[in-house]
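**Student:** Return a 3D structure for these sequence lines:
(one chain, ligands or ions: 2)
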Amino acid sequence: MRKALIIGAAGFVGSYLIRQLREDGYQVTATKMPHETIPGDGFEACDLDILDRPAIERLLAAVRPDSIFHLAAQSSVYLSWKNPGLTIDVNIKGSVNVMDAVRALDYKPRVLLIGSSEEYGHIAPGETRIAETSAVRPGNIYAATKVCQNMIGRIYVDAYGMEMMSVRAFNHIGPNQSPMFVVADFCKQAAEIEAGLREPVIYVGNLSARRDFTDVRDVVRAYSMLMEKGMPGETYNVGSGHAVEIQEILDKILALAKTEIRVEVDPQKFRPVDVPIVEADTRKLQACTGWERRIPLEQTLEETLDYWRANTVRGKEA
Ligand code: A2R
Ligand code: GDD
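**Tutor:** Numbers count the residues shown, from 1 in each chain. Ligands and ions are numbered 1, 2, ... in the order given. You can find the predicted model right below:
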């Protein structure tokens, strides 16, 4: 049986990727930080801090994976403004630790590095939809660290012949995402209002931004397909190909809500820089893998709101 190692599996994407890889016939080992847990079963969990390079080497020697999915990151753009040093440590130094530990092996596993659409940064109107060949002009610390990861990955492939691909993931959403991110944030607030836990006001940030949202289950399917078919040294956009205004996301969630909700703009929720539109050109991914989005935005919003309704009620009863 093929062996997959997921590094950084206790976050939002990890559990979905574990499920996908098990369906695709992998034996899965999944790493987490010592303070974290990974829900579910059918995989082996182990602790790993990617800032500890000898620990990565020990783990690789013990597991000897065929495929490595590197998800571990400080993944919040917002937090990267608050804590640039940590973001740089984890996303650059940690990723280089992973690459170096893989390079030291006596065989060449395939590796997928997860980057971000944020790497493109300031996208001019004429550049939409944005292709992998476009210039990267990162506009925040998080984005800059992911550009670095991508560039170093490419350098390592050229220099050492590693079997490593990169993705630039556009916004992915679904149940169980941290409420640091916009869809989970709005759904959580709406669910709390419905449950009578707070006043009927939803606080929002910049509603004019337009982002390319894909259900996380479609995203991890793309990761698994790229692991099979991606070309080393190449970068692939993973997104829906359609940008939606945050205002429209809010309107859809308000329409699903069971109570009247007022909207208030909270200046604290604005970022120092927010790219106006991010929309993926997904032709390279489609040509390589045949991937297509399966889950419509409306379904994801409904399921995310239901998740927060269930969670909020559980919280209230506890
Ligand atoms: O920050 P924590 O305690 O939530 O742990 C995160 C973990 N992580 C680390 N793992 C190993 N060594 C470290 N030094 C380290 N620092 C953080 O990586 C978390 O459990 C995981 C990342 O999960 P999320 O933040 O939920 O990201 P998500 O949405 O699963 O995205 C996966 C990838 C990331 O590379 C994003 O930058 C990209 O997709 O969009
Ligand atoms: N979080 C949040 N909360 N964002 C808001 C809000 C709000 O109340 N109101 C408006 N927004 C806007 C943000 O200003 C941004 O333009 C957009 O909604 C999306 O914000 P997030 O959901 O926080 O995601 P992100 O785009 O900053 O980053 C996510 O997507 C990247 C891929 O493009 C993360 O998942 C990154 O890890 C990922 O790489």
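
**Student:** wait, doesn't M225 sit right on E292?
**Tutor:** No. At 10.5 Å, M225 does not count as touching E292 under the criterion of CB atoms under 8 Å. Quick note: C-beta positions are derived from backbone N, CA and C, even for glycine.

**Student:** more neighbours, those two?
**Tutor:** Each of M225 and E292 has its neighbours counted (other CB atoms under 10 Å); M225 has more, 19 against 13.

**Student:** Please name the residues that touch the more buried one.
**Tutor:** 288-291 (CB atoms under 8 Å, 6 or more residues apart in numbering).

**Student:** how near is it to K188?
**Tutor:** M225 sits 31 Å away from K188, going by CB to CB, to the nearest Å.

**Student:** which outside residues touch the helix or strand encompassing A61?
**Tutor:** Taking DSSP states H and E as the criterion, A61 maps to helix 53-63. Residues outside helix 53-63 that contact it (CB under 8 Å, 6+ apart): 3, 5, 7, 29, 31, 46, 48-50, 97-98, 100-102, 104-105.

**Student:** hmm, try it at 10 Å
**Tutor:** For helix 53-63, contacts defined as CB atoms under 10 Å, 6 or more residues apart in numbering pick out 3-5, 7, 27, 29, 31, 44, 46-50, 52, 65, 68, 93-94, 96-102, 104-106, 109.

**Student:** How about the helix or strand just after that helix and ligand 2, any contact?
**Tutor:** Per DSSP H and E, the first helix or strand lying C-terminal to helix 53-63 is strand 67-70. No. Using CB under 6 Å from any ligand atom, strand 67-70 stays clear of ligand 2, with a minimum separation of 13.7 Å.

**Student:** Residues of the stretch 51-200 of the chain that sit close to ligand 1?
**Tutor:** 51, 71-75, 90, 94, 114, 116, 169.

**Student:** Flag the least confident of these.
**Tutor:** Ranked by pLDDT, those bottom out at S75, which has 93.

**Student:** ok, which residues in the stretch 51-200 of the chain are in contact with ligand 2?
**Tutor:** 75, 77, 116-118, 169-171, 180-182, 185.

**Student:** Helices of this protein, start to end?
**Tutor:** Per DSSP state H, the chain carries helices over the ranges 12-23, 53-63, 77-82, 84-88, 95-103, 141-160, 182-194, 216-229, 246-256, 283-289, 297-317.

**Student:** Nearest to T133, out of the ones you listed?
**Tutor:** helix 283-289 (9.0 Å; CB to CB).

**Student:** packing partners for that closest one?
**Tutor:** Contact partners of helix 283-289 among helices and strands, from 3 or more CB pairs under 10 Å, 6 or more residues apart in numbering; DSSP states H and E: strand 163-169, helix 216-229, strand 235-238.
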